[in-house]
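Trainee: using only what follows, build the 3D model:
(one chain, ligands or ions: 1)
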Amino acid sequence: MNDIKKFIVMGDPIQHSLSPRIHSLFARQFDLDLEYTKLLTTKQDLVNHLNKFKLSGGTGINLTSPLKEEAIKYVDHLSPRAKYAKSINTIYIRDNKLFGDNTDGIGFIRSLKNIIALKDKNLLILGAGGALKGIFLHIIQEQVARIHVANRTVAKASFFAKQYSNITVSCYAQIPKIKFDVVINTTSILKNCFEVFELLDISADFFFDLQYSNDSAFLKWCLDRKKERYTSGLSMLIEQAAEGFYLWHGVKPKTDIVFNKLIQDENEK
Ligand code: ATR
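Mentor: Residues are numbered from 1 along each chain as shown. Take a look at the predicted model:
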């Protein structure tokens with residue numbers, strides 16, 4: 001009998017996903033044998049692929065864009081943090097049931113740990129979609145001083161203002177001209193839509209991107225303006241995966257060595 005545990009990441013697009021590489025590097029730390037594959041999955045295909053994977057004896061599923069919110073409909077149980085975020089990035093399968101969780105928020109906070117503490121800080125958040133929902137509760141719990149959320153669709157930013165008193169919202173053109181402590185990009189805007197960021201005039205000590213792709217428009221904006229204190233979402237990606245690995249295997253992998261390995265992979269390309 002083949003007792004190697006099976007895992008999968010689903011999304012659209014999926015080719016770029018680093019999750020199989022990250023989980024195999026985690027597994028090596030514990031001499032674990034596992035199979036982790038990726039599968040191109042649209043919202044329409046999701047329910048079929050979830051069922052197929054469950055029936056095949058799979059243990060865990062990661063979900064990426066655009067499936068995180070859609071998946072809420074198909075799981076049997078939802079963790080409190082996934083319920084709050086209204087999105088799922090990690091599913092574990094036990095007794096034939098799907099348990100949905102969201103490790104993005106904890107991953108985000110852990111990725112900031114050695115860089116900056118958010119307590120009492122004045123934050124500017126760009127974007128107000130699902131990615132922000134995944135981390136918003138965790139940001140509030142850090143006891144930040146104030147938050148300004150800027151988004152193309154201001155009504156979506158207002159949703160967050162209802163949940164926290166020290167929060168203001170606007171479109172990108174009306175971001176207050178003050179110095180922020182931290183700017184967090186939660187948009188999915190890529191270089192080919194760069195006009196959105198082109199006119200941004202923001203001053204801050206620290207710039208954090210939820211995207212880890214070289215195609216991030218925010219990365220381009222930071223590079224063009226020589227913002228030195230920029231951090232990509234690579235560390236958050238690894239930290240959210242580490243929390244998922246803990247849910248699935250009950251052990252906590254070391255993340256720093258995986259970060260260095262992925263940077264090495266990138267440099268060797
Ligand atoms: P979703 O909201 O579908 O879960 P997301 O990646 O979490 O996806 O969020 C997308 C974010 O990027 C949103 O803030 C979105 O702005 P709107 O809420 O106005 O749609 C922003 N975004 C994506 N493409 C954009 C574009 N071309 N111009 C401006 N904002 C864009």
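
Trainee: show me where the stretch 151-269 of the chain has helices.
Mentor: Using DSSP state H, counting those that start in this stretch, the helices of the stretch 151-269 of the chain run over residues 154-161, 195-198, 217-224, 234-249, 256-268.

Trainee: can I get these in CSV with distance to the ligand, mean pLDDT and mean neighbour count?
Mentor: (Glycine included, C-beta is placed from N, CA and C.) CSV is the format used below for those (distance: least, Cβ to the nearest ligand atom, whole Å; pLDDT from 0 to 100; neighbours: other Cβ atoms under 10 Å):
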stretch, distance to the ligand, mean pLDDT, mean neighbour count
helix 154-161, 4, 96, 16
helix 195-198, 4, 86, 14
helix 217-224, 9, 95, 20
helix 234-249, 14, 98, 22
helix 256-268, 22, 95, 13
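
Trainee: secondary structure of residue 51: a helix, I assume?
Mentor: Yes - assigned with DSSP: H, G, I helix; E, B strand; the rest coil, residue 51 falls within a helix.

Trainee: any idea how far it is from the ligand?
Mentor: Applying Cβ to the nearest ligand atom, to the nearest Å, the value for residue 51 to the ligand is 24 Å.

Trainee: what residues does this protein have near the ligand?
Mentor: The chain has residues 127-131, 151-153, 156, 187-189, 193, 196 near the ligand, with proximity defined as Cβ under 6 Å from any ligand atom.

Trainee: the same query, at a cut-off of 8 Å, please.
Mentor: Within the chain, the residues that sit near the ligand (Cβ under 8 Å from any ligand atom) are 65-66, 68-69, 87, 126-134, 151-153, 156-157, 186-190, 193, 196.

Trainee: include distance to residue 17 when you put the helices of the stretch 151-269 of the chain into JSON lines, please.
Mentor: Below are the helices of the stretch 151-269 of the chain laid out as JSON lines (distance: least, Cβ to Cβ, whole Å):
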{"stretch": "helix 154-161", "distance to residue 17": "26"}
{"stretch": "helix 195-198", "distance to residue 17": "25"}
{"stretch": "helix 217-224", "distance to residue 17": "19"}
{"stretch": "helix 234-249", "distance to residue 17": "10"}
{"stretch": "helix 256-268", "distance to residue 17": "12"}
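
Trainee: among those helices, which is nearest residue 92?
Mentor: Residue 92 lies closest to helix 234-249 among those, at 5.6 Å (Cβ to Cβ).

Trainee: give me the contacts around that closest one.
Mentor: With contact meaning Cβ atoms under 8 Å, 6 or more residues apart in numbering, helix 234-249 is reached by 5, 7, 18-19, 22-23, 26, 30, 32, 59-60, 62, 89-90, 92, 101, 103-104, 106-108, 110-111, 210, 212, 251-253, 255, 258-259, 262-263.

Trainee: circling back to that earlier point, filter the residues of the chain next to the ligand down to the buried ones.
Mentor: 66, 68-69, 87, 126-134, 151, 156-157, 186-190, 196 (16 or more other Cβ atoms under 10 Å).

Trainee: strands - which of those land there?
Mentor: Judged by DSSP state E, the subset of these located in strands is residue 126.

Trainee: got any ranges where the chain has weak pLDDT?
Mentor: Filtered on pLDDT under 70, the chain yields the residue ranges 1-2.

Trainee: let me see the domain layout of it.
Mentor: Per automatic domain parsing, the structural domains of the chain span 5-102+235-267, 106-231.

Trainee: does residue 72 sit in a helix, a strand or a coil?
Mentor: helix.

Trainee: kindly report the same for residue 9.
Mentor: With three-state DSSP as the basis, residue 9 sits in strand.

Trainee: now do the contacts for it.
Mentor: Neighbouring residues of residue 9 by Cβ under 8 Å, 6+ apart: 17, 19, 20, 36, 37, 38, 39, 61, 62, 63, 64.

Trainee: so what sits opposite the nearest residue to the second one once chain neighbours are set aside in the bridge?
Mentor: Excluding its sequence neighbours, the residue lying closest to residue 19 (Cβ to Cβ, 6 or more residues apart in numbering) is residue 9, at 4.3 Å. Residues found in beta-bridge contact with residue 9 (criterion: DSSP bridges) are residue 38, residue 62.
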